[in-house]
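>>> output the structure for:
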Amino acid sequence: MAHIKVPEGLPGIRGLFAFRPQTAKPMSELAEVLLHQPGTLTPGERELIATYVSSRNDCYYCQNAHGAIAAHHLDGNEETVREVKRDFEHAAVSDKLKALLAIAGKVQQGGKNVQSEDVERARREGATDLEIHDTVLIAAAFCMFNRYVDGLATWTPTDLNGFRQRAAKVARDGYLAALAGYVSGAGSEHADG
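Sure, this is the predicted structure:
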């Protein structure tokens, strides 16, 4: 049971977004830019970064929600998602993504843990400054999202099929479209709380 009264039936961050739509919109806009809009990293790669950080933070909701979206982008390859969470250095992903995941893991521990040799490794593997920037911001944002979800003890379903079903819609339509499905009209009574 959540620490605050959120709308029933909306798991994880979705319930919190319905509770406080004023903060949901900018947070969803950030997710849209970082994870869904076109970029040089594929949406699947960016979702893997979010999933990896969420797994390191032991956020069950976020690692499964974003893991399902990553798998959807990877043609349903859930094994790659599990490999990245377990040991990304031996996962079936590019060397560039491995270097970026190493940076994301350092950010998850604390931003000052990222060293110049971590950035140099990513550059040697072909990462651009924008990709390095976005990796750090995805990792930092997901530390916030994970703590938001877990800090308020939101409800998390245990049936992974629900995550898979929602993943297809988010992968296709993006985060702002997904937000519209559970925030419209919700939360007005919570505007100041």
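>>> shaky segments in this protein?
Within the chain, the stretches with pLDDT under 70 are 184-193.
>>> centroid-nearest residue for it?
residue 50 (3.7 Å; CA atoms, centre = their mean).
>>> test my guess that that one contacts residue 36.
No. Taking contacts as CB atoms under 8 Å, residue 50 lies outside contact range of residue 36: 11.2 Å. Using the backbone N, CA and C atoms, a C-beta is placed for each residue, glycine as well.
>>> and the next element down the chain from the helix or strand encompassing the residue nearest to the centre of the chain?
According to DSSP states H and E, residue 50 maps onto helix 43-56. Downstream of helix 43-56, the first helix or strand assigned by DSSP H and E is helix 60-73.
>>> where do the helices of the chain begin and end?
Counting by DSSP state H, one finds helices in the chain at the ranges 12-19, 21-31, 43-56, 60-73, 78-87, 95-109, 116-124, 129-151, 160-173, 175-183.
>>> buried stuff in the second one?
Under the neighbour-count criterion of 16 or more other CB atoms under 10 Å, helix 21-31 has 21, 24, 27, 28, 30, 31 buried.
>>> put the alpha carbons of that helix into PDB.
These are the backbone C-alpha positions of helix 21-31, laid out as PDB (Å, rounded to 0.1, in the frame of the first residue of the first chain):
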ATOM      1  CA  PRO A  21      -0.300  15.800 -12.800                       C
ATOM      2  CA  GLN A  22       1.600  19.100 -12.500                       C
ATOM      3  CA  THR A  23       4.800  17.200 -11.900                       C
ATOM      4  CA  ALA A  24       3.900  14.300 -14.200                       C
ATOM      5  CA  LYS A  25       4.000  16.400 -17.300                       C
ATOM      6  CA  PRO A  26       7.600  17.700 -17.000                       C
ATOM      7  CA  MET A  27       8.800  14.300 -15.900                       C
ATOM      8  CA  SER A  28       7.100  12.700 -18.900                       C
ATOM      9  CA  GLU A  29       8.500  15.300 -21.200                       C
ATOM     10  CA  LEU A  30      12.000  14.500 -19.900                       C
ATOM     11  CA  ALA A  31      11.400  10.700 -20.500                       C
END
